[in-house]
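Peer 1: What follows is a predicted structure for the sequence shown.
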Amino acid sequence: MQEVVPINTERTNAQATQLTEALAAGASSTRLKAALTIGTDADPAVLEALVARCAIEPDFYVRDMLTWALTRLPADLTVPRLLAELDSDRSQARSQALHTLSKIGDLRAWPAMTPALIRDPDDEVARAAWRAAVAVVPEDQMRDLAEELAAQLGRGEREVQLSLSRAMIELGTVIEPILQRASTSDDPVVAAHAAATERLLEDPDASFEPAVKAAKRIFALGGERS
């Protein structure tokens, strides 16, 4: 549940302008401090500046603080604005909006979790879409989402595959029959990824790489999974 933060109505336009300018400062420490101040005061007057900066901010820590600041603002304001960013041509704008939506967890974002976003060719956008989708999916839509996510099994390198596995695991037991089916795929990469995800579902503390290697070995030998 999002924390309800009282809005500071006394901040002047001059102060909001000053913070907006600080978000564009050359020093990342200045930008970080500005995002912290905005989030602490929960000032909706700087919403547009926060969203705009998310699309271009190069520093990971500043982006994280921008997300935090956005989660401190009223969801009735932030969610519609973030949803609008999902149509941006800029991949970072889409990925950061999705990341922030996953932190807010507002179910109104669910209709925007389209197959196009989940299958976005940019790995960072897709990863953010997976996290956002599992955070806002209604219970009666979990199986459909699990099927959509399963279509991405075998995608990318280690970090991308691990992100997908973690997202699928968040859906719980609904993914079990889907993973079992995928683990018999003729594509060895898909089969190994599905089998490794099954192992992580059984033991969330298991290491991902050994699970993938074991699944590939079993597939290569043509044996049965333990």
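Peer 2: Alright, I've got the coordinates. Residues are numbered from 1 along each chain as shown.
Peer 1: Name the helix or strand for the most centrally placed residue in the chain, please.
Peer 2: With distances taken as CA atoms, centre = their mean, A128 lies nearest the centre of the chain, 2.8 Å away. Element membership for A128 (DSSP states H and E) is helix 123-136.
Peer 1: Show me the contact partners of that helix.
Peer 2: By CB atoms under 8 Å, 6 or more residues apart in numbering, the residues outside helix 123-136 that reach it are 91-92, 94-96, 98-99, 101-103, 105-110, 113, 117-120, 145, 148-149, 152, 155-156, 160, 163-164, 167-168, 170-171. C-beta: built from backbone N, CA, C; applies to glycine.
Peer 1: Apply the buried test to those residues and list what passes.
Peer 2: 91-92, 94-96, 98-99, 101-103, 106, 109-110, 113, 117-118, 120, 145, 148-149, 152, 155, 160, 163-164, 167-168, 170-171 (16 or more other CB atoms under 10 Å).
Peer 1: so what's I169 closest to, chain neighbours aside?
Peer 2: L201 (5.3 Å; CB to CB, 6 or more residues apart in numbering).
Peer 1: so where do the helices sit in the protein?
Peer 2: Secondary structure of the chain (DSSP state H): helices at 13-23, 28-41, 47-54, 60-72, 75-85, 91-104, 115-118, 123-136, 142-150, 158-170, 176-182, 188-202, 208-221.
Peer 1: Turn these into CSV, including mean pLDDT.
Peer 2: Below are those laid out as CSV (pLDDT from 0 to 100):
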stretch, mean pLDDT
helix 13-23, 86
helix 28-41, 93
helix 47-54, 95
helix 60-72, 96
helix 75-85, 97
helix 91-104, 97
helix 115-118, 96
helix 123-136, 97
helix 142-150, 97
helix 158-170, 95
helix 176-182, 95
helix 188-202, 91
helix 208-221, 59
